[in-house]
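**Student:** got a sequence here, can you build the structure:
(one chain, ligands or ions: 1)
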Amino acid sequence: MENIRGKNALLTGGSRGLGQVIARFLAKEGVNLALTARSEDGLNATAEEVARENVQIKVYPADIMDHPSREKLLEDVKSDFGKIDLLINNAGIVWVAGYVSLAPTYIETMIQTNLIAPMLLTRMVLPDMLNRGSGHIVSMSSLGGKRGNPYDATYSATKAGLIEWTRGLKLELAGSGVGISVICPGFVAESGMFAEYNKKPPWISGESKPAKVAEAVIRSIQKEIGEIVVNPGPAWLIPFLDAIHPGIANWLYKFGGVYEFYRKQAEDNQKH
Ligand SMILES: NC(=O)c1ccc[n+]([C@@H]2O[C@H](COP(=O)([O-])OP(=O)(O)OC[C@H]3O[C@@H](n4cnc5c(N)ncnc54)[C@H](OP(=O)(O)O)[C@@H]3O)[C@@H](O)[C@H]2O)c1
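**Tutor:** Reported below is the predicted structural model:
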């Protein structure tokens, strides 16, 4: 979809972090915004921040884990905006912890929020998009979805799920006029869930600015790119090394400090 000016986007996770930055970048491109997340204050703060752009902005406090909330959200957005041209599945959660210390409800909540909600929201917007022969869906995965991280395996599983689901659906949607993309950022500095840790990532992981993620979202729509990895390196090389031999990546994770980074974060999380 080369021209996104005047299109309507439903953006999840719009109350803070990367969602706020993506909202700003979309608004600059002239995209009208339906912002959703649970925190109304956070949504209003984002709306205020992007208000200077000449676009329509409305906020919809909702829990995307809950199906009746999703239905109401879609109904309200369609009634206010007429149609949804772009769905940006950005909302996500993470709990870095040893697998057996992770309460089963946390495992379910992560899968519901990171994987099931984007899949079902997409299922809900797709029929209209297909009828119009136009639309685009972007989901926020992670480099962790291309290579499982220790103490973060459930998160990695949800993000890997998003990647393969997007790949399959992209083939199915070919020629329909509806595009689908997945963005895989590594660690992002300055804002978002990783910035909250206030820690330097291991050298091997690299670190990106939030603007790079927002630019990738827009580029994926405009250029119909199926998957974009956002990482300055060398971590983006890991999936290629994995394809040669998984032992190489395992070795790099151990000696590049990735394993230790996540272990320490899990230890810190357990203290709080
Ligand atoms: N930051 C990174 O380094 C990084 C790297 C790779 C991938 N990612 C991915 O990028 C996306 C955005 O992450 P972020 O760093 O911006 O995280 P964040 O700052 O923690 O923001 C997460 C967003 O998701 C929303 N959310 C969480 N659970 C929700 C629910 N049940 N219903 C509705 N909204 C919900 C939150 O809003 P409320 O709490 O107000 O509901 C918030 O707006 C995520 O999918 C994340 O996995 C981030």
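**Student:** for the rest of this, base every contact and every neighbour count on C-alpha atoms.
**Tutor:** Will do.
**Student:** surely A160 is within a strand?
**Tutor:** No - going by DSSP: H, G, I helix; E, B strand; the rest coil, the assignment for A160 is helix, not a strand.
**Student:** quick check: closest non-adjacent residue to it.
**Tutor:** G145 (3.9 Å; Cα to Cα, 6 or more residues apart in numbering).
**Student:** who touches the longest strand that the chain contains?
**Tutor:** If you go by DSSP state E, the chain has its longest strand at strand 178-185. Identification of contacts with strand 178-185 by Cα atoms under 8 Å, 6 or more residues apart in numbering yields 1, 129-130, 133-143, 145, 162-163, 166, 169-170, 173, 208, 213, 216-217, 220-221, 224-231.
**Student:** also near the ligand: which of those residues, exactly?
**Tutor:** Contacts with the ligand within those, as defined by Cα under 6 Å from any ligand atom: 140-142.
**Student:** highest neighbour count among those residues?
**Tutor:** Tallying neighbours with other Cα atoms under 10 Å puts S141 at the head of those, with 31 neighbours.
**Student:** mind listing what that one touches?
**Tutor:** Counted by Cα under 8 Å, 6+ apart, S141 has contacts 159-160, 162-163, 182-185.
**Student:** and with 6 Å instead?
**Tutor:** Contacts for S141 (Cα atoms under 6 Å, 6 or more residues apart in numbering) come out as 159, 183-184.
**Student:** if we take the ones next to the ligand among the contacts of strand 178-185, which one ends up nearest to A97?
**Tutor:** S142 (17.5 Å; Cα to Cα).
**Student:** next, the closest one: phi, psi?
**Tutor:** Dihedral pair for S142: phi -170, psi 160, per degrees, to the nearest 10.
**Student:** up against the ligand, what does the stretch 101-250 of the chain have?
**Tutor:** So the stretch 101-250 of the chain meets the ligand at 113, 140-142, 185-188, 192-194 (Cα under 6 Å from any ligand atom).
**Student:** hmm, back to that, give the next helix or strand downstream of the longest strand of the chain.
**Tutor:** The element immediately downstream of strand 178-185 (helix or strand, assigned by DSSP states H and E) is helix 210-222.
**Student:** give me the mean pLDDT for that following helix.
**Tutor:** Here helix 210-222 scores 98 as its mean pLDDT.
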